[in-house]
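K.L.:
please work out how this folds:
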Amino acid sequence: MLTKETIKVSVVIPCYNEVNTLESVIERVRDCGLSTEIILVDDCSTDGTRELIKESLYKKVERVLFHKKNMGKGAALRHGFSVATGDVVIVQDADLEYDPKDFQKLVEPFVSGIKDADVVYGSRYARGTKYRVESFYHSLGNKLLTLLSNICCDLSLTDMETCYKMFKREVIQSIEIKENRFGFEPEVTAKIAKKKCKIYEIPISYFPRSFDEGKKIGIKDAVRAFYCIIKYNFFN
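P.N.:
Purely as a prediction, here's the structure:
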């Protein structure tokens with residue numbers, strides 16, 4: 001029987017040009033209070049991230065995967081998921097927007113008396129903890145995409161675009177991920193909905209960074225997300 005003391009969490013960290021934050025993220029994951037398997041996927045960084053990993057960070061993680069060319073977040077996650085060995089698998093961005101201490105809350109539906117969760121989403125908008133106010137337009141875009149996804153998937157999520165998605169390992173490894181960039185979020189949501197997975201949602205902390213601070217997702221990714229919601233719910 002899984003408990004917080006025995007559960008193993010595979011943490012897949014896709015990174016691209018995050019030399020200033022990656023080491024801090026790894027340290028925070030290690031300090032989350034759970035048994036972790038860290039899988040670091042460098043998506044052909046050009047800012048010194050790759051050199052930092054080779055020089056020191058590879059000693060601090062269980063697996064390091066290098067891409068020979070930049071392929072996108074979805075491609076990095078696909079690669080990382082394929083080698084995960086934990087009881088559950090979670091996505092961790094390589095910036096400092098999300099707090100790995102929230103893993104303690106996210107594993108609850110897997111180890112509580114219910115123990116029937118297949119997937120747990122960490123919601124930035126179901127506010128119940130620390131939350132740094134973000135751009136109105138970025139928040140609005142996320143909420144509109146979540147609304148459209150909910151209509152198409154028949155779900156009631158508050159944050160489809162969240163980074164923190166925790167899956168039973170056998171669930172995520174049974175899903176074929178096709179999207180190479182940020183289309184991963186609506187794609188995987190559509191596919192777990194079609195599989196009738198039992199989904200929980202937990203409030204999490206969120207500390208958004210600005211585009212000046214290195215945020216990478218943009219309007220093109222929002223358009224692609226809209227396309228993916230339609231594609232993976234009705235045509236794939």
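K.L.:
contacts and neighbour counts: CA atoms only from here.
P.N.:
Will do.
K.L.:
which regions of this structure sit below the pLDDT cut-off?
P.N.:
113-115, 127-138, 209-218 (pLDDT under 70).
K.L.:
go again using 90 as the cut-off
P.N.:
Applying pLDDT under 90 to the chain flags residues 1-2, 112-116, 125-143, 181-182, 207-222, 236.
K.L.:
show me the helices in it, by range?
P.N.:
Per DSSP state H, the chain has helices spanning 22-30, 49-55, 73-83, 103-106, 108-111, 136-153, 169-172, 184-194, 219-234. These are given in chain order.
K.L.:
which residues does the fourth one contact?
P.N.:
To tie it back to what came earlier, the one meant is helix 103-106. Contacting residues not belonging to helix 103-106 are listed as Lys4, Cys32, Gly33, Leu34, Val120, Tyr121, Gly122, Met166, Ile202 [C-alpha atoms under 8 Å, 6 or more residues apart in numbering].
K.L.:
export the helices of the chain to JSON lines and tack on mean neighbour count and distance to Pro14?
P.N.:
Formatted as JSON lines, the helices of the chain follow (neighbours: other C-alpha atoms under 10 Å; distance: least, C-alpha to C-alpha, whole Å):
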{"stretch": "helix 22-30", "mean neighbour count": "18", "distance to Pro14": "10"}
{"stretch": "helix 49-55", "mean neighbour count": "16", "distance to Pro14": "12"}
{"stretch": "helix 73-83", "mean neighbour count": "21", "distance to Pro14": "6"}
{"stretch": "helix 103-106", "mean neighbour count": "18", "distance to Pro14": "17"}
{"stretch": "helix 108-111", "mean neighbour count": "20", "distance to Pro14": "24"}
{"stretch": "helix 136-153", "mean neighbour count": "16", "distance to Pro14": "21"}
{"stretch": "helix 169-172", "mean neighbour count": "18", "distance to Pro14": "16"}
{"stretch": "helix 184-194", "mean neighbour count": "21", "distance to Pro14": "12"}
{"stretch": "helix 219-234", "mean neighbour count": "16", "distance to Pro14": "17"}
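K.L.:
quick one: closest of these to Glu97.
P.N.:
helix 22-30 (9.7 Å; C-alpha to C-alpha).
K.L.:
Tyr227 is in contact with Leu148, correct?
P.N.:
No - proximity of Leu148 to Tyr227 does not meet the contact threshold set by C-alpha atoms under 8 Å, at 10.8 Å.
K.L.:
which pair of the contacts of helix 103-106 spans the longest distance?
P.N.:
Among those, the pair separated by the greatest distance (C-alpha to C-alpha) is Gly33 and Tyr121, which sit 19.3 Å apart.
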